[in-house]
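Undergrad: here are the coordinates; sequence isn't available:
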């Protein structure tokens with residue numbers, strides 16, 4: 001039985017989704033972009049960080065987290081916009097009245113147009129920093145970091161990743177509660 005205030009949207013039945021959105025739940029739609037690949041980090045890095053941040057938010061808030069959209073898997077920006085628009089329309093069709101798009105990107109997706117009145121939250125001022133990504137992955141899945149390929153002089157540490165992600169979660173929490181005070 002799920003005891004967290006938040007859930008993964010795709011773990012719910014349609015009936016459970018409807019009852020969740022009848023309340024104060026926020027549909028959270030994560031969109032990731034890893035940027036240029038680092039030779040010592042696997043392709044799953046940005047997705048793993050996104051899921052970890054979303055899970056920490058689920059521990060504290062009534063959010064229903066939609067499946068992650070990987071912006072890097074689309075060769076055309078228009079396609080990404082269409083997929084995001086379709087995802088937002090889908091959560092609205094399920095009854096979501098409160099929607100937040102969580103952009104987790106190594107560089108801003110400046111042309112990302114978010115239709116409707118969704119709150120857009122951005123994580124990533126440090127995502128482009130290889131030390132930050134590596135530190136986060138060291139905290140989440142240390143065996144995935146290809147240590148022999150780590151740049152010389154790297155100061156990446158799991159503890160730094162844990163602290164960085166905790167700070168990101170705190171900022172996201174504050175932004176969501178500022179928009180919807182009854183979430184807290």
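TA: Arrived safely, thanks for sending. Fair warning: this is a prediction, and the values are worked out from it, not measured in the lab.
Undergrad: Give the buried residues for the longest helix along the chain.
TA: In the chain, taking DSSP state H as the definition, the longest helix is helix 158-179. Residues of helix 158-179 classed as buried by neighbour count (16 or more other CB atoms under 10 Å): 158, 160-162, 164-165, 168-169, 172-173, 175-176. In short, each C-beta sits where N, CA and C put it, glycine included.
Undergrad: Name the nearest of those relative to residue 138.
TA: Closest approach to residue 138 among these (CB to CB): residue 158, at 4.1 Å.
Undergrad: quick one: low-confidence ranges for the protein?
TA: 1-2, 106-113, 115, 124-129 (pLDDT under 70).
Undergrad: how about the helices in it?
TA: With DSSP H as the definition, the chain shows helices at residue ranges 14-22, 45-58, 77-93, 130-140, 158-179.
Undergrad: tilt between the second one and helix 158-179?
TA: Between helix 45-58 and helix 158-179, the angle formed by their directions is 50 degrees, by axes from the mean of the first three to the mean of the last three CA atoms, to 10 degrees.
Undergrad: Repeat that for the shortest one.
TA: When the same axes, to 10 degrees is applied, the directions of helix 14-22 and helix 158-179 differ by 70 degrees.
Undergrad: by contact count, what packs against helix 14-22?
TA: When contacts are defined as 3 or more CB pairs under 8 Å, 6 or more residues apart in numbering; DSSP states H and E, helix 14-22 packs onto strand 63-65.
Undergrad: what's in contact with the strand it packs on?
TA: Under the contact criterion CB atoms under 8 Å, 6 or more residues apart in numbering, strand 63-65 has outside partners 5-9, 12, 17, 20-21, 25-28, 30, 54, 57-58, 91, 96, 100, 176.
Undergrad: can you rerun that using 6 Å?
TA: For strand 63-65, the external contacting residues (CB atoms under 6 Å, 6 or more residues apart in numbering) are 6-9, 20, 25-28, 54, 57.
Undergrad: Of the residues you listed, just the buried ones, ChimeraX syntax please.
TA: To isolate the buried members of the contacts of strand 63-65 in ChimeraX, using 16+ other CB under 10 Å:
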select :6,7,8,9,20,25,26,27,28,54,57
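Undergrad: Next step: the contacts of strand 63-65 restricted to strands.
TA: Among these, DSSP state E puts 7-8, 26-28 in strands.
Undergrad: possible to save those as JSON lines with distance to residue 145?
TA: Converted to JSON lines, the ones in strands among the contacts of strand 63-65 look like this (distance: CB to CB, whole Å):
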{"residue": "7", "distance to residue 145": "30"}
{"residue": "8", "distance to residue 145": "26"}
{"residue": "26", "distance to residue 145": "33"}
{"residue": "27", "distance to residue 145": "33"}
{"residue": "28", "distance to residue 145": "27"}
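Undergrad: Quick check: of these, which lies closest to residue 137?
TA: Sorting those by how near they are to residue 137, with CB to CB, puts residue 8 at the top with 21.1 Å.
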